[in-house]
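just the structure for this:
(one chain, ligands or ions: 1)
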Amino acid sequence: MTATRGLEGIVATTSSISSIIDDTLTYVGYNIDDLANNASFEEVIYLLWHLKLPTAGELEELSNLLAENAALPPEVIEHFKMYNTKEVHPMAALRTAVSMLGLYDDKADVMDPQENYMKAVRLQAKIPTIVTSFARIRNGQEPIAPRKDLNFAANFLYMLNGKTPEPVEIEAFNKALVLHADHELNASTFTARVCVATLSDVYSGVTAAIGALKGPLHGGANEQVMKMLTEIGSVDKAEEYVLDKLEKKEKIMGFGHRVYRQGDPRAKHLKEMSKRLTELTGQGKYYEISEKVDATFTSKKDLPPNVDFYSASVYHSLGIDHDLFTPIFAVSRVSGWLAHILEQYSDNRLIRPRADYIGPGKQEYVPVSERG
Ligand code: ACO
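Residues are numbered from 1 along each chain as shown. This is a model prediction of the structure:
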């Protein structure tokens with residue numbers, strides 16, 4: 001047995017949900033560019049869960065279901081008030097709150113396709129409420145309930161800020177949600193599939209996935225990108241900053257990808273939005289710094305920016321706290337996790353690879369009293 005480190009290039013399952021072929025990302029055969037330019041996030045959720053685009057009636061039905069299921073059990077809100085929310089990372093709070101949701105769902109362990117679909121609806125609906133409620137509670141504000149007249153993207157921004165977002169903000173946020181929704185067997189999706197392949201429940205699968213997304217090599221990179229842009233501070237310092245990091249053999253977050261070689265097809269949409277939104281909000285320097293970091297880094301390393309690089313300045317210009325960037329990734333990616341969880345259940349086999357043992361050879365047990 002020889003190990004393939006990081007499972008690079010290993011094909012671990014079949015899937016009908018999304019594919020990356022020759023650096024082109026598709027959801028159920030629809031090119032991500034087409035979806036980013038035209039689809040609402042609700043349509044994409046439906047597409048991932050049903051493997052077809054919805055009719056107007058089906059879309060309305062799903063939108064209504066999401067709106068009806070957005071409220072949280074009061075215990076989840078109460079638990080946010082029990083600890084010092086200012087010292088807790090929102091990804092840790094999200095991970096714990098999703099696990100808690102399982103405690104208040106009396107169907108949590110019922111293994112039935114329709115019940116599991118309804119759990120997917122409940123999780124997709126409640127995760128934005130968790131993220132926005134946590135964000136408001138830590139600022140001493142009361143959580144805000146979603147509005148029936150707003151779409152998913154608009155509702156998130158409304159529940160976060162308490163004001164109706166501008167059309168340009170809704171368009172940008174919707175596009176970011178569409179772009180982050182699914183990505184084949186990325187680390188968090190694989191984690192979700194491994195978890196539920198033991199026939200564990202949907203809440204456990206999503207909780208595990210949130211844990212995997214949190215890391216800076218995966219979803220946590222977008223927060224780290226903003227930290228870097230803030231540290232750099234002005235465009236004239238960007239080149240020196242990047243060269244110094246490279247000299248010290250440190251990674252620059254937001255660049256590189258395990259699968260894409262020519263470039264991440266989602267990055268160009270986020271770059272365009274970053275330019276537009278940072279200019280509109282008077283934060284143009286963050287786009288300029290990003291561009292300079294991009295140009296300097298890619299002139300030295302053949303590693304183009306990934307989805308996380310320009311999303312940082314997009315979210316910053318929407319006025320979102322930097323530590324909420326990764327939870328927002330989860331608000332979108334949970335749609336993909338749930339699609340994969342339902343797909344895993346539909347044709348399940350336990351996922352259990354092997355390890356190439358490299359530890360000591362045969363040893364004799366020595367009682368503790370005789371050990372030196
Ligand atoms: N900055 C500097 N060097 C890098 C970077 C980077 N961002 N990414 C890769 N490299 C270098 C590595 O140091 C390594 O160099 P070496 O061969 O001289 O040791 C080489 O490129 C290969 O890198 P690996 O980390 O082995 O590549 P892998 O395929 O395992 O990792 C990953 C992919 C984790 C995304 C990596 O590119 C990385 O750490 N990027 C920064 C974090 C990031 O942006 N993550 C988000 C990814 S997208 C997403 O999850 C949503």
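
can you pull the contacts of residue 159?
By CB atoms under 8 Å, 6 or more residues apart in numbering, the residues touching residue 159 are 128-129, 132-133, 143-146. Every C-beta, even on glycine, is put in place using the N, C-alpha and C of the backbone.

helix, strand, or coil at residue 352?
Put simply, residue 352 is coil when judged by DSSP: H, G, I helix; E, B strand; the rest coil.

distance of it relative to residue 12?
For residue 352, the distance to residue 12 (CB to CB, to the nearest Å) stands at 11 Å.

so between those two, which is more surrounded?
Neighbours of residue 352 and residue 12, each counted by other CB atoms under 10 Å, are more numerous for residue 12; the result is 12 against 8.

now that one: how far from the ligand?
Residue 12 sits 16 Å away from the ligand, going by CB to the nearest ligand atom, to the nearest Å.

count of neighbours near the closest residue to residue 355 other than its chain neighbours?
Spatial nearest neighbour of residue 355, excluding adjacent residues (CB to CB, 6 or more residues apart in numbering): residue 3 at 6.9 Å. By the criterion of other CB under 10 Å, residue 3 has 12 neighbours.

go on, residue 348?
14.

just residue 49 next, same as before
Using other CB under 10 Å, residue 49 has 21 other residues around it.

pLDDT value on it, please?
With respect to pLDDT, residue 49 scores 98.

wait, it sits on residue 340?
No. If you go by CB atoms under 8 Å, residue 49 and residue 340 don't touch, sitting 10.4 Å apart.

now residue 114: which helix or strand?
If you go by DSSP states H and E, residue 114 is part of helix 113-138.

check which helices and strands that helix sits against.
helix 41-50, helix 56-68, helix 74-82, helix 90-103, helix 152-161, helix 202-213, helix 325-346 (3 or more CB pairs under 8 Å, 6 or more residues apart in numbering; DSSP states H and E).

ok, the residue nearest to residue 18 when sequence neighbours are not counted - contacts?
Distances taken as CB to CB, 6+ apart place residue 182 nearest to residue 18, at 4.4 Å, with adjacent residues excluded. Residues near residue 182 by CB under 8 Å, 6+ apart: 17-18, 27, 48, 189, 333, 335-336, 339-340.

go again using 10 Å as the cut-off
Going by CB atoms under 10 Å, 6 or more residues apart in numbering, residue 182 touches 15, 17-19, 25-28, 32, 44-45, 47-48, 189, 332-333, 335-340.

buried subset of these, written for ChimeraX?
Paste this into ChimeraX to select the buried members of the contacts of residue 182, with burial taken from 16 or more other CB atoms under 10 Å:
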select :15,17,18,25,26,27,28,32,44,45,47,48,189,332,333,335,336,337,338,339,340
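
any figure for the gap between residue 164 and residue 147?
If you go by CB to CB, the gap between residue 164 and residue 147 works out to 8 Å.

what residues are shared contacts of these two?
Counting by CB under 10 Å, 6+ apart, the shared contacts of residue 164 and residue 147 are 154, 158.
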